[in-house]
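Colleague: fold the following.
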Amino acid sequence: MAHSTNSSIDQRRAFLLASATGLAGLSLGSSRPLIAKTPDRLTNNLGGGKAKSVILFFLCGGSSHIDMWDLKPDAPSEYRGPFSPIATSAHGVTIGEHLPLTAKQMHHLAIVRSVGASVNTNDHHAGYYYQLTGHAPDPTFLSQGNDRRPYADDWPFMGSVVGSRRTLHPNLPNVITLPHQPSKAPYTRPGQFAAKLGVEYDPFYVSGSLAEPLKFQAPALALSGDVTPEMLQSRKVLLGKLDHARAEFEEVASLRTWKQHQQRTIDLMMSSSTTHAFDVASEPESVRERYGKTVNSMSLLLARRLVEAEVPFITVFWKENEAIADKCKSAGGWDTHGNNFGCLKENLLPEFDQAFSALVEDLHQRGLLDQTLVMLTSEMGRKPKIGDPRSGGPGGAGRDHWTHCMSVVMGGGGIQGGQTYGSSDRYAEYPSEHPVTPADIAKTVYHAMGVEDLQARDSQGRPYHLLEEGKPITTLFGS
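Modeller: Numbering: from 1, shown residues only. Have a look, this model is predicted:
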């Protein structure tokens, strides 16, 4: 794939600027869905089409499958580590001992333990791209590594595909991502944008902070880096900023489409229903206490509110805590290169367990779980053999990157809970029984949402398929 012409550079620049705003509707010479879209609700005999919304919870950094979902108590100590499996509410299904609250919700959840997601770099950018789009990374991920930027001709984020197949929400965006956009510029992770599908299908990015977990900017606009919350209150100033942004890529933009989306964004920002949807502080204190007091916890609570508001696709990217970065030899998330077990037991797992179990329980109690697909994933698993050379080898007790095998958890939206699918080998290094790929996982999401039409048109009007690879794991679904 070539990425060197002046035209493609201009398009990439326009794409990145538009994606940063989360509101631009530009043609960019890119693809468009066919006019005949899949209906909002489909029925079939394979259990799909029941979900109205998806909550994708993404554990940034690469969460350890062997310590959470696929423990190997009979493996040698240098693989299994100190954690033990515990029984759950699902007969015969065990998970890690430091997930006691999630264990009580396992009758609602299914674990896919055989996701083989090998990428050519065994690193973050390629892992994000594969998991979020279902497409194997192209050779530019190998040649550019974690310097590889999002491109306008990348394959689209699965959330953008779902959003493009839904009727436009009357008050809110169809696709919302919170509480941040991974990762810190200029190392923005590819795969989280609509890309070749068209930036009008990009997620709206909503920002939250570690310091003020109840406060969300709705939506957050990063136009040029100098827009303050006070400035966002001024319609005149905001319109001026948008006009300035438009001028920077007017040569490749569709002015009419831009103005339509500009006006829609302003209307959304000024809407009382938008403001209400993001007001997690209005939730009863008992509910907030159940989820926890962190920005990740409140992001999941906000995701539940957005499901209630019938937003089709909500993504929560785990926000790293830099206070534990040195302890874990990471950016403060799930990239546990050092002290893997201490970081999981003392920091990551308690916060995750409380928040994730609360989400599943809350959705079930409100009668929303059947119509909401909850999906938990990460860009990779962790290396089963303990000892990352970057943190002192075995003595550093870290787990390195591992894209060759991981687990994905799903629940709701027609998924039959209390089951596992597939298995890994005795060391959790590679899929063994019923191996699947991220393409199969993406197709399973589409199946749950009733999205069967994956046709789009390129800039020449020619139809093409958004994801040829993969098949939905239909055995996960109930009747």
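Colleague: so what's residue 412 up against?
Modeller: Each residue near residue 412 by C-beta atoms under 8 Å, 6 or more residues apart in numbering is listed here: 51, 108, 360, 363, 368, 369, 370, 371, 372, 373, 374. Where C-beta positions appear, they are placed from N, C-alpha and C, glycine not excepted.
Colleague: what does residue 82 give?
Modeller: residue 341.
Colleague: quick one: the strands in the stretch 1-150 of the chain?
Modeller: Listed in chain order, the strands of the stretch 1-150 of the chain (DSSP state E, counting those that start in this stretch) span 32-33, 53-58, 85-87, 94-96, 109-115.
Colleague: need the contacts of residue 412 in CSV (columns: pLDDT and neighbour count).
Modeller: CSV is the format used below for the contacts of residue 412 (pLDDT from 0 to 100; neighbours: other C-beta atoms under 10 Å):
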residue, pLDDT, neighbour count
51, 97, 24
108, 98, 21
360, 98, 27
363, 98, 24
368, 98, 16
369, 98, 23
370, 97, 16
371, 97, 16
372, 98, 26
373, 98, 26
374, 98, 27
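Colleague: still on that earlier bit, out of the strands of the stretch 1-150 of the chain, which gets nearest to residue 153?
Modeller: strand 32-33 (13.8 Å; C-beta to C-beta).
Colleague: could I get the strands of the stretch 1-150 of the chain as JSON lines with distance to residue 443?
Modeller: JSON lines is the format used below for the strands of the stretch 1-150 of the chain (distance: least, C-beta to C-beta, whole Å):
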{"stretch": "strand 32-33", "distance to residue 443": "17"}
{"stretch": "strand 53-58", "distance to residue 443": "13"}
{"stretch": "strand 85-87", "distance to residue 443": "30"}
{"stretch": "strand 94-96", "distance to residue 443": "25"}
{"stretch": "strand 109-115", "distance to residue 443": "12"}
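Colleague: kindly reformat those as CSV and extend each row with mean neighbour count and distance to residue 342.
Modeller: Output for those, formatted as CSV (neighbours: other C-beta atoms under 10 Å; distance: least, C-beta to C-beta, whole Å):
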stretch, mean neighbour count, distance to residue 342
strand 32-33, 18, 48
strand 53-58, 24, 23
strand 85-87, 14, 19
strand 94-96, 23, 14
strand 109-115, 26, 25
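Colleague: of these, give the one that comes closest to residue 350.
Modeller: So among the strands of the stretch 1-150 of the chain, strand 94-96 is nearest, using C-beta to C-beta, at 12.0 Å.
Colleague: so what does the closest one touch, helix or strand wise?
Modeller: Packed against strand 94-96, as judged by 3 or more C-beta pairs under 8 Å, 6 or more residues apart in numbering; DSSP states H and E, are the following elements: helix 65-68, strand 85-87.
Colleague: so for stretch 336-345, mean pLDDT?
Modeller: Averaging pLDDT along stretch 336-345 yields 98.
Colleague: strands along the stretch 351-479 of the chain, start to end?
Modeller: Under DSSP E, counting those that start in this stretch, the stretch 351-479 of the chain gives strands at 372-377, 381-382, 401-402, 406-411, 419-421, 455-457, 463-465.
Colleague: among those, which is the most enclosed?
Modeller: Comparing the strands of the stretch 351-479 of the chain by mean neighbour count (mean count of other C-beta atoms under 10 Å), strand 381-382 ranks first with a mean of 29.
Colleague: name every strand pairing with that one and say which way it goes.
Modeller: strand 401-402 (antiparallel) (DSSP bridges).
Colleague: CSV please, covering the helices and strands packed on strand 94-96 and showing mean pLDDT and distance to residue 307.
Modeller: Formatted as CSV, the helices and strands packed on strand 94-96 follow (pLDDT from 0 to 100; distance: least, C-beta to C-beta, whole Å):
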stretch, mean pLDDT, distance to residue 307
helix 65-68, 98, 24
strand 85-87, 98, 29
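Colleague: redo the ones you listed as CSV? Include distance to residue 394.
Modeller: Formatted as CSV, these follow (distance: least, C-beta to C-beta, whole Å):
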stretch, distance to residue 394
helix 65-68, 16
strand 85-87, 23
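Colleague: for residue 170, find the nearest of those.
Modeller: Across those, residue 170 has its closest neighbour in helix 65-68 (38.8 Å, C-beta to C-beta).
Colleague: work out the gap between the closest one and the centre of the chain.
Modeller: 19 Å (C-alpha atoms, centre = their mean, to the nearest Å).
Colleague: which residues does it contact?
Modeller: Residues outside helix 65-68 that contact it (C-beta under 8 Å, 6+ apart): 72, 79-81, 83, 95-96, 99, 113, 340-341, 344, 349, 381-382, 384, 399, 405-407, 424, 428.
Colleague: if we use 7 Å, what do you get?
Modeller: Applying C-beta atoms under 7 Å, 6 or more residues apart in numbering, the contact partners of helix 65-68 are 72, 81, 83, 95-96, 99, 344, 381-382, 384, 405-407, 428.
Colleague: ok, the residues you listed vs residue 395, which is closest?
Modeller: Relative to residue 395, the closest of the contacts of helix 65-68 is residue 81; by C-beta to C-beta it sits at 14.0 Å.
Colleague: if you skip the residues just before and after it, what's nearest to residue 49?
Modeller: Of all residues not flanking residue 49 in the chain, residue 450 sits nearest, at 3.2 Å (C-beta to C-beta, 6 or more residues apart in numbering).
Colleague: ok, now residue 93?
Modeller: Leaving aside its sequence neighbours, residue 93 sits nearest to residue 106 (C-beta to C-beta, 6+ apart; 5.4 Å).
Colleague: now the one you found: how far from residue 401?
Modeller: The gap separating residue 106 from residue 401 is 27 Å, by C-beta to C-beta, to the nearest Å.
Colleague: again with residue 439
Modeller: Going from residue 439 to residue 401 by C-beta to C-beta gives 21 Å.
Colleague: do the same with residue 422
Modeller: On the measure of C-beta to C-beta, residue 422 and residue 401 end up 21 Å apart.
Colleague: picking that back up, now do the contacts for the residue nearest to residue 93.
Modeller: 88, 89, 90, 93, 95, 418.
Colleague: now the buried members of those residues.
Modeller: For those, a burial check counting by 16 or more other C-beta atoms under 10 Å picks out 88, 90, 93, 95, 418.
Colleague: contacting residues for the last one?
Modeller: By C-beta under 7 Å, 6+ apart, the residues touching residue 418 are 90, 93, 106, 107.
Colleague: so for the residue lying closest to the first one once chain neighbours are set aside, what's the pLDDT?
Modeller: In this case it means residue 90. Spatially, and ignoring its direct neighbours in sequence, residue 90 is nearest to residue 418 (3.4 Å; C-beta to C-beta, 6+ apart). If you check residue 418, the pLDDT there is 98.
Colleague: one more: residue 390?
Modeller: pLDDT recorded at residue 390 is 89.
Colleague: you'd agree it is up against residue 336?
Modeller: No: with contact defined as C-beta atoms under 7 Å, residue 390 does not count as touching residue 336 (11.4 Å).
Colleague: comparing these two, which residue is more hemmed in?
Modeller: residue 336 (30 against 11; other C-beta atoms under 10 Å).
Colleague: how about that one, what does it touch?
Modeller: Applying C-beta under 7 Å, 6+ apart, we find residue 336 in contact with 64, 328, 330, 343, 344, 382, 398, 399.
Colleague: okay but residue 64 is in contact with residue 343, surely?
Modeller: No: using C-beta under 7 Å, residue 64 makes no contact with residue 343, being 9.7 Å away.
Colleague: of these two, who's got more company?
Modeller: residue 64 (32 against 26).
Colleague: can you tell me the closest non-neighbouring residue to residue 164?
Modeller: Leaving out its chain neighbours, the residue that sits closest to residue 164 by C-beta to C-beta, 6+ apart is residue 201, at 4.7 Å.
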